[in-house]
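[1] Take this sequence and fold it.
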Amino acid sequence: MAKISKDIVRYRSLRLAGYVIGFMLFYAPFDGFARFIDLFITPTQLYSIHEPCFRIPLHDLLLGNMGEAGPVSLIAFGLLLVVSLFFGPLFCGKLCPAGALPEYLSRLVPDRFKIDWPKHIPATPIRYGFFAGFLLAGVVGISEHCSYCNFYVFDLFVQTVTTGHLPVYSISLILTFLVWFFIMGIFTQGGRGFCNFLCPVGACSNLVHVLGVHIPWTWRLRVGQPSCVHCGRCTKVCPMSCLTLTDHALKLDRHRCILCQECQHTCPAKAISYGRGEVK
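    Down below sits the predicted model:
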């Protein structure tokens, strides 16, 4: 058990470091991703969280306006699709600080104060339903997506903490903050309620990942049923509540798995792994 515990500590340290890197890539004052891309294209005079936005190309793709999305945003979106197809939604489980913050803070809240939403509400249909609504909103002329973006709300939150000044918040931004950080954040089992139900970027990544799983040589999380000892530890540490243990099998919902790999490094029987193809 000591060896497993050491592995968990090591992996969680590396995972936390990944979120720190993600913060430095996408948030001021670092803006590492945009600054790196600008070494090869026309420099951007003003860096902001909107430049590497994944949602803008999603919208413009449906409307046929891909030319309106900036090059930094297009490159970020292209990388997201490629990585999701061949390796899975690693951005969500390894780099996205907006998803990580409530997940880590939720660990400080006693379980009796938290709700496991996927146990009471069908998460996958709602997730894709919201994703479809997000895409169709642009068709009918609704374009206020920044007001409902946890990535942008986290940026404003960082500005408030680092500068000591409160940015201008609209009612929709305040509601998004309350839902992302509190209702579906620290008071949700796993802290990933917003990711489970309301994030279109996560839904897009998982949809592409599910398609990629049909390609034999792509990477995915693999569950070895004969090795599973039905201890249930993986279901307890999964922040997305996408693992279900029955009397006969351990089931994984790939439509919501963010490849955080907490389950893999917690499993005492090593029944869960990450690699190409399915476990034989």
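
[2] Now do the helices in this protein.
    Using DSSP state H, the helices found in the chain span residues 2-26, 32-37, 55-63, 71-87, 90, 97-106, 117-120, 123-139, 150-163, 171-177, 193-197, 200-212, 233-237, 262-266.

[3] Next, the buried residues of the third one.
    Neighbour counts over helix 55-63 (16 or more other C-beta atoms under 10 Å) mark 55-60 as buried. C-beta coordinates here come from the backbone N, C-alpha and C atoms, glycine included.

[4] Tabulate the residues you listed (TSV), appending pLDDT and distance to Ala100.
    Shown next, in TSV, are the buried residues of helix 55-63 (pLDDT from 0 to 100; distance: C-beta to C-beta, whole Å):
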residue	pLDDT	distance to Ala100
Arg55	88	18
Ile56	84	22
Pro57	86	23
Leu58	85	22
His59	80	25
Asp60	80	27
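
[5] quick one on the thing from earlier: compare the helices of the chain and give me the one nearest Tyr274.
    Closest approach to Tyr274 among the helices of the chain is made by helix 262-266 (6.2 Å; C-beta to C-beta).

[6] which outside residues touch the closest one?
    For helix 262-266, the surrounding residues in contact (C-beta atoms under 8 Å, 6 or more residues apart in numbering) are 4, 7-8, 11-12, 221, 233-235, 237-239, 243, 272-274.

[7] change it to 7 Å
    Contact with helix 262-266 is made by 7-8, 11, 233-234, 237-239, 243, 272-274, as judged by C-beta atoms under 7 Å, 6 or more residues apart in numbering.

[8] now the most centrally placed residue in the chain: how far from Ser143?
    The centre of the chain sits closest to Cys92, judged by C-alpha atoms, centre = their mean, with a distance of 2.8 Å. Taking C-beta to C-beta, to the nearest Å as the measure, Cys92 falls 24 Å from Ser143.

[9] circling back to that earlier point, ok, the buried residues of helix 55-63 vs His120, which is closest?
    After measuring these against His120 - C-beta to C-beta - the closest member comes out as Arg55, at 27.7 Å.

[10] Could you find the closest non-adjacent residue to that closest one?
    His145 (5.7 Å; C-beta to C-beta, 6 or more residues apart in numbering).

[11] What is the neighbour count of that neighbour?
    17 (other C-beta atoms under 10 Å).

[12] so it touches Cys53, yeah?
    No: using C-beta atoms under 7 Å, His145 is not in contact with Cys53; the gap is 9.1 Å.
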